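*Asks:* Build the 3D model from these lines:
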Amino acid sequence: MQAFTGARDGATRDEVWLTEHPPVYTVGLAGKAEHYPRGESAIPVVRTDRGGQITYHGPGQVVAYTLVDLRRPRWGVRDYVRRLESAMIELLAAHGVEAYGKVDAPGVYVRTGDAEAKIGALGLKVRNGCTYHGVALNVDMDLAPFAAINPCGYPGLRVTQTRDLGIAADAADLGALLGENLRRMLG
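*Replies:* Got it, this is the predicted structure:
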């Protein structure tokens, strides 16, 4: 992502890269030690150059890296964040799940019973008007590693996944749909 972004010029097309990661905690530039894993963990902690605090990535989670030149459409970072959230919100709505973003806590949230839970995380880096990093949507994964951290820097933040909300589609299928939504929203 860094090399791609560093080599971009005015003619470089925007791209969306979809993947799943092996178990890993990633920490953004502002990461605080108090949010790190509590206790022993075999899961590595990797510092990244994105914004935000700590999160967990693992199999069964769709990660979409969005490599976009914000100068072309003249989007500000906040507008871009809302577009990324909207791509996940629309995907969930198409499967009958109501979701929403929050201005003060980027990402995508749902109501589960009487509680709020995060289902989609977001972390970006903007360099020379171009973005990299992106979003992560929890699909069908082991959520236990989130309990060892303060996800996104919020103690006690609940997380959920599409499987627990009755969506039977797997990460590959939802990843393809998320990629389509992102390309449409960012195109």
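*Asks:* Counting neighbours, what do you get for residue 56?
*Replies:* 26 (other CB atoms under 10 Å). Where C-beta positions appear, they are placed from N, C-alpha and C, glycine not excepted.
*Asks:* beta partners for it?
*Replies:* residue 25 (DSSP bridges).
*Asks:* What residues of the longest strand seen in the chain count as buried?
*Replies:* Counting by DSSP state E, the longest strand found in the chain is strand 115-127. For strand 115-127, a neighbour-count test (16 or more other CB atoms under 10 Å) marks 117-126 as buried.
*Asks:* Strands of the protein, start to end?
*Replies:* Taking DSSP E as the criterion, the chain carries its strands at 15-19, 24-27, 45-47, 54-57, 61-67, 99-100, 108-112, 115-127, 130-138.
*Asks:* Of all these, which one comes closest to residue 159?
*Replies:* Residue 159 lies closest to strand 115-127 among those, at 5.2 Å (CB to CB).
*Asks:* name the helices or strands packed onto the closest one?
*Replies:* Here strand 115-127 touches helix 77-93, strand 108-112, strand 130-138, going by 3 or more CB pairs under 8 Å, 6 or more residues apart in numbering; DSSP states H and E.
*Asks:* Give me whichever of these is most buried.
*Replies:* strand 130-138 (a mean of 24; mean count of other CB atoms under 10 Å).
*Asks:* What separation do you get for the residue sitting nearest the centre point of the chain and residue 108?
*Replies:* Centrality entry for the chain: nearest residue to the mean C-alpha point is residue 135, 2.3 Å, by CA atoms, centre = their mean. Distance, residue 135 to residue 108, using CB to CB, to the nearest Å: 8 Å.
*Asks:* Common neighbours of the two, please.
*Replies:* Counting by CB atoms under 8 Å, 6 or more residues apart in numbering, the contacts common to residue 135 and residue 108 are 85, 88, 120, 122.
*Asks:* is it possible to export those to CSV including distance to residue 150 and pLDDT?
*Replies:* Below are those laid out as CSV (distance: CB to CB, whole Å; pLDDT from 0 to 100):
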residue, distance to residue 150, pLDDT
85, 21, 98
88, 22, 98
120, 17, 98
122, 16, 96
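*Asks:* ok, which pair from those residues is furthest apart?
*Replies:* Within these, two members stand farthest from each other by CB to CB: 88 and 122, at 8.6 Å.
*Asks:* Quickly list what's touching both of those two.
*Replies:* With CB under 8 Å, 6+ apart as the test, residue 88 and residue 122 both reach 108, 135.
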